[in-house]
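[1] only the shape, not the letters, is given here:
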């Protein structure tokens, strides 16, 4: 079963940020709009409109590097057993870390979209990630 992890960044918007200069890029389009518009300061979730599963993220990485995605389907009971063993032997993978790795981090970006008066984010998650991954080609 795929878990979903959107790109999430929590930020605090203060009025003094309007004096800062930002290089406009895919990741800063929303920040640029926040600087230019007169928006009440507060805390917003900057997240993609559509959540991507871990497997989708791996496939996008592989495609951008012209490689085949290598995704292992490991049975859940086996992973849980390894995590329980990690609890006993103080290994890096334990039950608490496994829970953090597999729980859902989907958040709402509706407050931000309302503040910017937009219906959808200016860059789709897949497009932004594809551009980012392609920038690593060497």
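    The structure has been received and is ready for your questions. In this text the structure is predicted, and so the values were computed from the model without any measurement.

[2] what about the longest helix in this structure?
    helix 76-89 (DSSP state H).

[3] what's that helix packed up against?
    On a contact count with 3 or more Cβ pairs under 8 Å, 6 or more residues apart in numbering; DSSP states H and E, helix 76-89 meets helix 95-102. Placement of C-beta: from N, CA and C, glycine included.

[4] residues touching the helix it packs on, excluding its own?
    Residues from elsewhere that reach helix 95-102 (Cβ atoms under 8 Å, 6 or more residues apart in numbering): 3, 79, 80, 83, 84, 86, 87.

[5] any idea which helix or strand comes after the helix or strand of the chain with the lowest mean pLDDT?
    Within the chain, confidence by mean pLDDT, DSSP states H and E is lowest for strand 9-13 among all helices and strands, at a mean of 38. Sequence order places helix 29-36 as the next helix or strand after strand 9-13, per DSSP states H and E.

[6] now that following helix: buried residues?
    30, 31, 33, 34, 35 (16 or more other Cβ atoms under 10 Å).

[7] show me what contacts the third one?
    Residues counted as contacts of residue 33 (Cβ under 8 Å, 6+ apart) are 116, 122.

[8] redo that, cut-off 6 Å
    residue 116 (Cβ atoms under 6 Å, 6 or more residues apart in numbering).

[9] pLDDT at it, what is it?
    For residue 33, the pLDDT comes out at 77.

[10] that one and residue 116: what is the separation?
    As judged by Cβ to Cβ, to the nearest Å, residue 33 and residue 116 stand 5 Å apart.
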